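Peer 1: Sharing a model prediction with you, sequence too.
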Amino acid sequence: MSPTSIFAPVSAPAHAIADLSVLVLAVTAAIFMVVCGLLIYALIRFRRRPDDATEPPQVYGSTQVELAWTVVPTLIVVVLFLASARVITRVQRADRPEGTIEVVAIGHQFWWEYRYPGLHVVTANELHVPVSDPAHSTPTFVTLLSADTDHSFWIPRLAGKTDLIPNRINSTWIEPTVTGLYLGQCAQYCGTEHAKMLLRVYVDSRDAFDAWIEGQSRPARVDDAVASGRRIFQTTSCVNCHTIPGTGANGRFGPDLTHLMSRDTIASGVAPNTPETLRRWIRNPDDLKPGSRMPPMNLNDRDLDAVTAYLASLR
């Protein structure tokens, strides 16, 4: 599993941020060492000795010292300002070459919705993007929207933190060069379950990404073996929050469930997506994620098993 460290970048904007962070750490470490060195020297060199009862010489101003502690800090601030401005400009004014993937990420309490407008795909909590070929850059640009309160989109190894603010459109981009799973977190306190509003980004090979898009574009599976579960799903409040084409469920408050079992996790990355945890989630979401906005369904065991079997068939 991928570490969540800005010092292991695998994406162009993350590399720029990591390089700037190393520069700032080097400069501040040098300042720390110089200041500590001078302090230690002064403590030792000018310490009071038993046979010294006189007052040390008094210095009333020094042009050289005044210049040193004015000019040197000013130069340091200018260097850090220019380095930061360069990175900010590079990140915010990135080019959009041919083949760019466009994604709309919508933050909800407490889960993520992902829409691929040009590819007609909607999914939740697990973002899939293609790896970028260094010879032919294919970045992914993410438009960030909020459905309720402030959130923040942050995958340390792929890009910097960008806020999602109600009634405002923000954006970020990533250009990963290594396939794999990269973890992130909503980095803005957004309510009770903020700590469990996790981010999972799957960087796939181009062929794997195309296959994933093809699978997500298919209609929801219809299986007569789980017809009773589908009927129960359609006649409960599930349809008010979730979407499954062909069932009458067209809700927007909860995740799209069309291909639910194609995801590795449920509850925004909190638990593995297995029939057992899915059953537990439907019965009482607070068991897995206290403070979840999804209410307990209060189904009897037979109906609970039927709905779980239906949802487990959605791949």
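Peer 2: Alright, I've got the coordinates.

Peer 1: Point out where the stretch 51-200 of the chain drops to low pLDDT.
Peer 2: Low-confidence segments of the stretch 51-200 of the chain (pLDDT under 70): none present.

Peer 1: just the helices in it please.
Peer 2: Remark: helices assigned in the stretch 51-200 of the chain by DSSP state H, counting those that start in this stretch are 63-92.

Peer 1: Equivalent analysis for the stretch 201-315 of the chain, please.
Peer 2: With helices called from DSSP H, counting those that start in this stretch, the stretch 201-315 of the chain shows them at 206-217, 227-234, 238-241, 275-283, 301-312.

Peer 1: which outside residues touch stretch 33-49?
Peer 2: Contacting residues not belonging to stretch 33-49 are listed as Pro56 [Cβ atoms under 8 Å, 6 or more residues apart in numbering]. C-beta here means a position set from N, CA and C on the backbone, and glycine is covered the same way.

Peer 1: Over it, what's the mean pLDDT, rounded is fine.
Peer 2: What stretch 33-49 shows for mean pLDDT is 90.

Peer 1: distance between it and the chain's centre?
Peer 2: Mean-position distance between stretch 33-49 and its chain equals 46 Å (Cα atoms, centre = their mean, to the nearest Å).

Peer 1: Then stretch 212-228?
Peer 2: On Cα atoms, centre = their mean, the centre of stretch 212-228 falls 29 Å from that of its chain.

Peer 1: Tell me which of the helices of the stretch 201-315 of the chain approaches Ala94 most closely.
Peer 2: Ala94 sits nearest to helix 206-217 of all these, at 20.1 Å, using Cβ to Cβ.

Peer 1: Next, count neighbours for Ala29.
Peer 2: By other Cβ atoms under 10 Å, the residues close to Ala29 number 10.

Peer 1: likewise Glu66?
Peer 2: Around Glu66 there are 10 residues (other Cβ under 10 Å).

Peer 1: Distance to Leu198 added to the helices of the stretch 201-315 of the chain, as JSON lines?
Peer 2: Below are the helices of the stretch 201-315 of the chain laid out as JSON lines (distance: least, Cβ to Cβ, whole Å):
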{"stretch": "helix 206-217", "distance to Leu198": "20"}
{"stretch": "helix 227-234", "distance to Leu198": "26"}
{"stretch": "helix 238-241", "distance to Leu198": "20"}
{"stretch": "helix 275-283", "distance to Leu198": "15"}
{"stretch": "helix 301-312", "distance to Leu198": "21"}
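
Peer 1: Please report phi then psi for Ile169.
Peer 2: phi -100, psi 120 (degrees, to the nearest 10).

Peer 1: if I look at it, how far off is Gln92?
Peer 2: Ile169 is 14 Å from Gln92, where distance means Cβ to Cβ, to the nearest Å.

Peer 1: Grab the longest helix from this protein for me.
Peer 2: Assignment by DSSP state H gives helix 12-45 as the longest helix of the chain.

Peer 1: wait, isn't Ser171 in contact with Leu145?
Peer 2: No. Look at Ser171 against Leu145 with Cβ atoms under 8 Å: they stay out of range, at 9.8 Å.

Peer 1: Those two: which is more packed in?
Peer 2: Leu145 (19 against 16).

Peer 1: what's across from the more buried one in the sheet?
Peer 2: Note on Leu145: beta-bridge partners by DSSP bridges are Ile106.

Peer 1: and it, what does it touch?
Peer 2: The contact partners of Leu145, by Cβ under 8 Å, 6+ apart, come to 104-107, 164, 169.
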